[in-house]
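> The sequence and its predicted three-dimensional model are supplied below.
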Amino acid sequence: MTRRLTSARARAGFTLLEVLIAITILGMIAANVVMVTRSSSKAYESGASLSTLDIQLDNTMDRIAMALMAARKESLTPNNPSPLWTDFLIFDQSQGFEGGMEVIGDLERIELVPGPEQIVWKQRPGALDERRVVWTNWVRELFKDEIDNGIDDDLNGLTDEAGLSFTIDGSRVTIRLTLERDGPEHSILKRTQETTVTCRN
Ligand SMILES: [Ca+2]
Ligand SMILES: [Ca+2]
């Protein structure tokens with residue numbers, strides 16, 4: 001009888017211990033699940049912001065490149081070779097020939113507008129019927145890792161170049177573009193592209 005009681009008590013104690021262990025393990029699992037969920041939602045948030053920035057960068061670079069590929073090289077103003085970069089470019093495009101005469105389109109201008117930085121495309125700049133389209137926001141004030149210090153920080157031959165810059169070598173235009181936006185948790189996301197296009201005309 002005594003033996004049976006002892007055994008039953010021991011069994012009851014073991015069950016309580018089991019319950020305690022199970023609660024502890026469950027608690028640990030729950031904490032882990034919360035941590036994993038939190039970190040993966042942060043990663044998703046950061047990934048989503050980055051891919052939006054990448055798409056915006058691709059689209060803007062494509063628009064600038066397409067416009068300049070169709071530009072007449074004689075019309076490119078200012079016509080600055082590296083290291084003389086500019087943050088705007090004025091040009092026109094040939095519309096083909098009519099009766100042996102070349103038909104030239106309206107003047108166009110692509111420029112970096114300061115504070116907050118935007119890239120703006122203009123048709124007939126300065127005219128009363130000027131057309132103006134913002135191609136992107138989120139432009140970094142300076143290119144890539146440049147700091148406004150009179151030094152070429154990223155060693156690309158240009159000093160303190162802006163977030164959008166152009167250099168011209170004959171009929172070839174090099175476009176440098178850096179976009180930047182706020183990411184999750186006070187981070188800053190940044191993306192850079194550099195492309196050289198040849199004017200067809
Ligand atoms: Ca530089
Ligand atoms: Ca610098």
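Yep, it's here. None of the values given here were measured: they were computed from a predicted structure. Numbering: from 1, shown residues only. Ligands and ions are numbered 1, 2, ... in the order given.
> Which strands or helices does the least confident helix or strand in the chain by mean pLDDT pack on?
Scoring the helices and strands of the chain by mean pLDDT, DSSP states H and E places helix 2-69 at the bottom, with a mean of 79. Counting contacts by 3 or more C-beta pairs under 8 Å, 6 or more residues apart in numbering; DSSP states H and E, helix 2-69 is packed against strand 88-91, strand 108-113, strand 118-123, strand 131-136, strand 172-182, strand 188-198. From N, CA and C alone the C-beta is placed, and that goes for glycine too.
> give me the number of residues near Leu84?
12 (other C-beta atoms under 10 Å).
> Could you do Glu102 as well?
11.
> what's the spacing between it and ligand 2?
42 Å (C-beta to the ion, to the nearest Å).
> three-state assignment of Pro116?
coil (DSSP: H, G, I helix; E, B strand; the rest coil).
> What sits closest to it if chain neighbours are left out?
Nearest residue to Pro116, sequence neighbours excluded (C-beta to C-beta, 6 or more residues apart in numbering): Asn137, at 6.6 Å.
> show me the contacts for Asp54.
Arg191 (C-beta atoms under 8 Å, 6 or more residues apart in numbering).
> Pull up the gap between it and ligand 2, please.
Asp54 is 25 Å from ligand 2, by C-beta to the ion.
> what do you get for Pro184?
With C-beta to the ion as the criterion, Pro184 and ligand 2 are 29 Å apart.
> That residue contacts Ala48, doesn't it?
No. Contact status for Pro184 versus Ala48: not in contact, 9.2 Å apart, counting by C-beta atoms under 8 Å.
> I'd like the distance from Asn149 to ligand 2, if you could.
Distance from Asn149 to ligand 2, by C-beta to the ion: 5 Å.
> Now do the phi/psi pair for that residue.
phi -140, psi 10 (degrees, to the nearest 10).
> show me the residues around it that make contact.
Contacts of Asn149 by C-beta under 8 Å, 6+ apart are Asp160.
> give me that answer again for 10 Å
Leu142, Thr159, Asp160 (C-beta atoms under 10 Å, 6 or more residues apart in numbering).
> How about Pro125?
So Pro125 contacts Phe88, Ile90, Asp106, Leu107, Glu108, Arg109, Ile110, Glu111, Arg131, Arg132 (C-beta under 10 Å, 6+ apart).
> Include distance to Leu76 and mean neighbour count when you put the helices and strands packed on helix 2-69 into CSV, please.
Output for the helices and strands packed on helix 2-69, formatted as CSV (distance: least, C-beta to C-beta, whole Å; neighbours: other C-beta atoms under 10 Å):
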stretch, distance to Leu76, mean neighbour count
strand 88-91, 5, 20
strand 108-113, 11, 19
strand 118-123, 15, 18
strand 131-136, 18, 14
strand 172-182, 7, 20
strand 188-198, 11, 15
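> Can you lay out the ones you listed as JSON lines showing distance to Arg72?
Converted to JSON lines, those look like this (distance: least, C-beta to C-beta, whole Å):
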{"stretch": "strand 88-91", "distance to Arg72": "7"}
{"stretch": "strand 108-113", "distance to Arg72": "11"}
{"stretch": "strand 118-123", "distance to Arg72": "15"}
{"stretch": "strand 131-136", "distance to Arg72": "19"}
{"stretch": "strand 172-182", "distance to Arg72": "12"}
{"stretch": "strand 188-198", "distance to Arg72": "12"}
